[in-house]
Every structure is written in C-alpha cells, then in structure tokens.
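**Student:** have a look at this prediction, sequence included:
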Protein chains: 2
Amino acid sequence: MAERQRRRPGETREKLMNAALTLVGKGRHFASLGIREVTRQAEVVPTSFYRHFRNMDDLGLQLVDELGLVLRRMMREARANVLQADKLIEESVGIFVAHARANRSFFLFMAQGLAGESKAVQEGIRSEMRFFASELANDLRRLRLLTHLSDSDLDMTSELVVRTVAFSLTDLLGVSGDDDDQIGEIQRRTTRYLQMIFVGAGHWQSDGQRGAGV
Amino acid sequence: MAERQRRRPGETREKLMNAALTLVGKGRHFASLGIREVTRQAEVVPTSFYRHFRNMDDLGLQLVDELGLVLRRMMREARANVLQADKLIEESVGIFVAHARANRSFFLFMAQGLAGESKAVQEGIRSEMRFFASELANDLRRLRLLTHLSDSDLDMTSELVVRTVAFSLTDLLGVSGDDDDQIGEIQRRTTRYLQMIFVGAGHWQSDGQRGAGV
DNA sequence: TTCTCTTGTGTACAAGTGTTCACTAATGTG
DNA sequence: CACATTAGTGAACACTTGTACACAAGAGAA
C-alpha cells in the first residue's frame, strides 16, 4: 500500500459529492456522469465510491438533501432581510439570484434534476419546491398579504411563484457566471413576472372566475 | 455482406432519431445516451450513425428542429379550435396536454433539453419557446385582448405564460401516461395558473407599478 | 495487548465505448 | 448503358466502464 491518505471522517464522501457538483458546474449533465469519472475528479480510487454510495442515483439523492440545506439558508436570509412589504419581490429575487450565483453548481444540479433520469431525485427536488412554496405561503400569511385569498388559492399562488423563479434558473445558469449585464436583465425580468403574478393574486376572486376577463 | 436491408431514403436517419426518442420515452436522459446504444435500439449497425450525424449533439439539434414542427402543428390546432375568448385558456391548455400525451417523448426531450448538456440544444429549445411566445402575443393582439398593455408588456406576459406551461411539462411527464386523474389535476392546476397570470395582466399598469399592491 | 469495524487501496476482468477503415449494394445522373 | 454518389456492413482499434475481491491502515473497544 504505497501511501494512504489520512482523512477526517466523511472527507471522501464530501470529496465525491463535490466532485460531482464540480463536473455539473463545468457543463456536464448529472445523468451522464459515471462512477469512475467522479472518483477521478475527486482524486480517489474508484472502489472508494462504494464505501459511501450504492450508485450514482444514491449520490444524487444525497445531493438533494444538501440542496435542501442550501435552500433553507437562502430562505432564512430572505426572511431576515425582507422587512418592508413594498420591496418584497425585488429583494427576494435579488437574494435568490445572489444565492444562485454563489451556489451555481447546486442550482444547476437542481435544474437538471427536475427532468432528470432518476425518479427519486426528481421527486426529491419537487418535494423541496413544495416545501419552499408552503413556507412562502406561510410568510405571506404572516405578513398579512393577500389576505382575501383562500388557503388553497394562496398555496396555488406560492407554487406559481416558486415555479416561475425555478424556471429562471435555466436562464440564469445558461449565461456565464460573471456577465452582470445579462444576469441583471434576468433578475429584472423575473421580478416583473412575479409582480404580474402578485397583481393577479391581488385581484383574484376565488370562486370560478374567468381568468381571461380582459 | 450477409443481408442488406432495403430502405427508403432517409429511413435510417428517422430510425435513429426515433430510437433516441424511444429511449428518452423509456425514462433515459438524452445526455446519457450513447451512439452505440441508439444504433442498437434502431437495429442499425453503429457505423451507420456517422452517415447521418456527426455526434449525439448533432442528433439532438435535428430533434429540436422536428420539435419545432410538432409545436407549430399544436399552435395551428389551437388557433383553429379556440374561437371564443372566454374559453381561451381552458381550451388551449387542453390542447397542450393532449399534444404532450400524444408526443410524450418529444416533450420529454424538450423538458430535458432546457437544462441539458448541449448548449446548442438548450438554445434551440429556448428559441422555439421565444417564437411560441411571440406568436401567442400576436394572437392576443389579433383577438383584441389585453389591448391596454404595451408591446413589451404583452411580450412579457406571453413569455410568462409559455414558461408556466413549459414547467407543467415536468409535472405531466412525471406521471404515467394513462393516469387520467392525475393528468386532469395537472391540467386544472395549469389552467388556474394561467388564469391568475391573465388577471394580473388585465390589471397591469405599465409604468413602474408596485407588484405587491395587496 | 488483541479483536473488530470502518474505510482506503491495488489488481483484475468482462463488457461496453467512440471511431476508423475498406468493402459493397443500391440509387440517381448523364 | 456507364459512372459517381450515397448509405449500409463487418472487423478492428485503443480506451473506458462498472464492479468484485483480497488486503491493509487506522480507530475504538475489550
């Protein structure tokens, strides 16, 4: 055994997960990654992989769990910083974009996973989004916004918001991470989308209205 | 040369593209498909692949072109069938869902491609969506709907609508193709999303309004 | 100490990969 | 008809892949 690396517990596991994220960050799709490729990137021998994961799907699932933590951190920051309701949308979108830039690979993985190969990962991400939406609905209640909406309509609104923001990920991650102009444009556009949704929610009447009332 | 198949011109090309779609339809991600795998599914010898495509990305690009045709057919059907403005949303969503079911693999490919590995495919799909949105904006003008919106606001609205529908793809394609209950639920939900957006657009005032006016 | 558990290592192998090449049957053009 | 082009075939190449196995280094418990 030539030289065995001393590692703190769980280090190799982290290295492998980071390696997968790194490759995703370089433009690869998670579904196309192989075990050997990931271990190579992590500078670890292929067999080590099996000490921590059963296969790539398993690694993906564990990444989803970590993604959950990232999202929760983001939510906490948004709650702490968004004080006045009148700037709610702009500031929230700003925080989202900032986090997406800071954790590019993670969000890229999320965007990929939504239509990814593994049903389990797919469902995991979907579940994170549902959680996020329900928290958003709670926040809106707490801030006494959109109080005329029924619970289910408020939920629907929150879901629509979360979806719209999630879709912006595909825009955001399509441009190079330091193109401030283009990122700013995406941010403005997303803000307007959300503003329009909130205008819609503000005028929404719960029972069987015509949406196309124009 | 044991037995050479007689083929009408372009047949092998179609077979290869269909093979890729078939594999996608079976749950595989396009990014993870290999040349040999596709040729095997197409019942064609691996070398034949190179007679028609340079690599898998190239095949993907040509699939995007065909996807464009599918989308245009859908648009035409929607134009022909949506007569009264007051059912516009419901009927359009219905037509969309019907086409998504009938061309499941194609739409699955589209959903995958949005966050896919190939930048070119990504941009191709994005471009199809832009085209679709601009056509929708034209239709709204033609039907004299949302006439109080500026051109750019109408474009924005159309984009938001198209994105929302596109996102529904990920829901739609996540459920088995014959689960009518769940598909119906997704259809209803999408319809409500769009209705809310249209309510927002109906009350939208173009100049620097507050979206959170609630 | 010795025993056990976890984790990292090296080797090995069968199967699959993309791609090239030379060959040939069919098709279209003059 | 002859001829050039297109499109399908089979063999071969150098790699890469997932996974199994036996072994060993380190840590904790007895």
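**Tutor:** Sure, I can see it. Numbering: from 1, shown residues only, chains lettered A, B, ... in the order given.
**Student:** how about the helices in chain A?
**Tutor:** With DSSP state H, the ranges of helices along chain A come out as A:11-25, A:35-42, A:49-52, A:56-81, A:88-102, A:104-114, A:119-142, A:151-172, A:180-202.
**Student:** how many residues are close by the residue nearest to residue A:132 when sequence neighbours are not counted?
**Tutor:** Residue nearest to residue A:132 in three dimensions, not counting chain neighbours: residue A:162, with 5.4 Å by C-beta to C-beta, 6 or more residues apart in numbering or on different chains. (Glycine included, C-beta is placed from N, CA and C.) Other residues within reach of residue A:162, judged by other C-beta atoms under 10 Å in any protein chain shown, total 21.
**Student:** list the contacts of residue A:162.
**Tutor:** By C-beta atoms under 8 Å, 6 or more residues apart in numbering or on different chains, the contact list for residue A:162 reads A:129, A:132, A:133, A:136.
**Student:** any stretches of chain A with poor pLDDT?
**Tutor:** Chain A contains residues with pLDDT under 70 at A:1-9, A:207-214.
**Student:** again, only using 80
**Tutor:** Applying pLDDT under 80 to chain A picks out residues A:1-10, A:83-86, A:206-214.
**Student:** re earlier: could you measure from the residue nearest to residue A:132 over to residue B:195?
**Tutor:** 18 Å (C-beta to C-beta, to the nearest Å).
**Student:** OK, contacts around residue A:201?
**Tutor:** Residues in contact with residue A:201 (C-beta under 8 Å, 6+ apart) are A:146, A:149, A:153, A:157, B:196, B:200, B:214.
**Student:** which of these are buried?
**Tutor:** Buried members of the contacts of residue A:201, scored by 16 or more other C-beta atoms under 10 Å in any protein chain shown, are A:146, A:149, A:153, A:157, B:196, B:200, B:214.
**Student:** can you lay out the contacts of residue A:162 as a markdown table showing neighbour count and distance to residue A:87?
**Tutor:** Shown next, in a markdown table, are the contacts of residue A:162 (neighbours: other C-beta atoms under 10 Å in any protein chain shown; distance: C-beta to C-beta, whole Å):
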| residue | neighbour count | distance to residue A:87 |
| --- | --- | --- |
| A:129 | 18 | 24 |
| A:132 | 21 | 20 |
| A:133 | 20 | 21 |
| A:136 | 21 | 16 |
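**Student:** now the closest residue to DNA strand D within chain A. Its backbone dihedrals?
**Tutor:** Proximity of chain A to DNA strand D (C-beta to the nearest atom of the strand) peaks at residue A:34, 2.6 Å away. Backbone torsions of residue A:34, given as degrees, to the nearest 10, read phi -110, psi 160.
**Student:** can I get the helices of chain A in JSON lines including distance to residue B:170?
**Tutor:** Formatted as JSON lines, the helices of chain A follow (distance: least, C-beta to C-beta, whole Å):
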{"stretch": "helix A:11-25", "distance to residue B:170": "18"}
{"stretch": "helix A:35-42", "distance to residue B:170": "25"}
{"stretch": "helix A:49-52", "distance to residue B:170": "29"}
{"stretch": "helix A:56-81", "distance to residue B:170": "15"}
{"stretch": "helix A:88-102", "distance to residue B:170": "19"}
{"stretch": "helix A:104-114", "distance to residue B:170": "5"}
{"stretch": "helix A:119-142", "distance to residue B:170": "8"}
{"stretch": "helix A:151-172", "distance to residue B:170": "9"}
{"stretch": "helix A:180-202", "distance to residue B:170": "18"}
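**Student:** for those, which one sits closest to residue B:191?
**Tutor:** helix A:151-172 (11.0 Å; C-beta to C-beta).
**Student:** if we go by neighbour counts, what in that closest one is buried?
**Tutor:** By neighbour count on 16+ other C-beta under 10 Å, the buried set for helix A:151-172 is A:153-172.
**Student:** one more: stretch A:178-188?
**Tutor:** Under 16+ other C-beta under 10 Å, the buried positions of stretch A:178-188 are A:183, A:186, A:187.
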